[in-house]
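# Have a look; sequence and predicted model below, questions after that.
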Amino acid sequence: MIQIDDVIISLDVFREKFVCNLDACMGECCIEGDAGAPVEPEEIAKLEEVLPVVWDQLSPDARQVIEKQGVVYKDEDGEWVTSIVYGKDCVFTCYDEQGYCFCAIEKAYREGRTDFYKPVSCYLYPIRVGNYGVYKAVNYHRWSVCKAAVLLGQKEGVPVYRFLKEPLIRRFRAAWYKELEHAAAELKEQGLIPE
C-alpha cells in the first residue's frame, strides 16, 4: 500500500488491469448486487435534482420505488445507496433496443441535459473508497460480472488507476492524481508493479 495525503491506496490499483467491455457484460454492474450504488451524502440532492430530467427513461417499477422510498435508502451497514428495483436494478437504469443497460443519468449528461455525471462510486468502479477515521482507503474490487473487463484490460495493458483517471481526478483532484502517477512510476522502478 502507498499513501498520498490522507488516502491509502492498495497496490492492486496499480497491478490489476481493467477496461470496461460493455459488449460482453451489457451493463450488468448496474443490475446485479445486493444493494444499490454507494452515494455520498452531498450527491443525494443532485440525484433528486436530476430526477425530472431522467424520469421518462425510468421503468414504471423504478418510478414506483422512487415514489415510495425516494432515490436512495440506507443499506444494512447504514450507508446511503441508490434505490433498487426487485433487489436488482438500480432505479436509474434504462435499456436500449439490444438489451444493453445504461445509466439514465450518464445518458442525460452526455446529451447535455444535466451537469451531474452520476454518483462518483459508479464512475469509480471497480475502485471502492472506504472511510477509516481520518483516512480514506482506495481498493480494487473484484467481481465476477467484470471478468470480460479484466481480460480486455490485460489484453490492452491498462492498469486500473489509468482506466479510472477521470473519476479519480473528480474524486481526489488533479494534483492528487499526478502524485498517484508519480507513485506508479516509482513502484515500477522498484519492480513492485509490472511495466
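Structure's in. What do you need?
# Now do the buried residues in the helix or strand Ala62 falls within.
Ala62 belongs to helix 60-69 when assigned by DSSP states H and E. Within helix 60-69, the residues that qualify as buried by neighbour count (16 or more other Cβ atoms under 10 Å) are 62, 65-66. (C-beta placed from N, C-alpha, C; glycine too.)
# tell me which of these is nearest to Tyr86?
Taking Cβ to Cβ as the measure, Tyr86 lies nearest Val65 of the buried residues of helix 60-69, at 8.8 Å.
# Tally up the residues packed near Ile31, please.
The number of residues packed around Ile31, counting by other Cβ atoms under 10 Å, is 17.
# right, and it touches Asp89 too?
Yes. Judged on Cβ atoms under 8 Å, Ile31 makes contact with Asp89 at a distance of 5.2 Å.
# Tell me both backbone torsions, phi and psi, for Gln26.
You called it Gln, but residue 26 is Met. phi 60, psi 20 (degrees, to the nearest 10).
# Give the residue spans of the chain that score low on pLDDT.
30, 33-34, 195 (pLDDT under 70).
# Which residue ranges of it form helices?
For the chain, the helices defined by DSSP state H cover 12-15, 22-25, 43-54, 60-69, 104-110, 120-124, 147-156, 160-163, 165-172, 174-189.
# related to what we said a few turns ago, counting contacts, what elements does the helix holding Ala62 pack onto?
Helix 60-69 is packed against strand 84-85, with contacts defined by 3 or more Cβ pairs under 8 Å, 6 or more residues apart in numbering; DSSP states H and E.
# what sits up against the strand it packs on?
For strand 84-85, contacts defined as Cβ atoms under 8 Å, 6 or more residues apart in numbering pick out 35-36, 59, 61-62, 65, 90-91.
# ok, now with 10 Å
Outside strand 84-85, the residues that touch it by Cβ atoms under 10 Å, 6 or more residues apart in numbering are 30-31, 33-37, 58-66, 69, 73, 75, 90-93.
# who's in contact with the spatially most central residue of the chain?
Geometric centre of the chain, nearest residue: Cys122, 2.2 Å, by Cα atoms, centre = their mean. By Cβ under 10 Å, 6+ apart, the contact set of Cys122 is 29-30, 36-39, 82, 90, 92, 103, 105-106, 167.
# Also Leu11?
Leu11 sits in contact with 1-2, 140, 187, 192-193, where contact means Cβ under 10 Å, 6+ apart.
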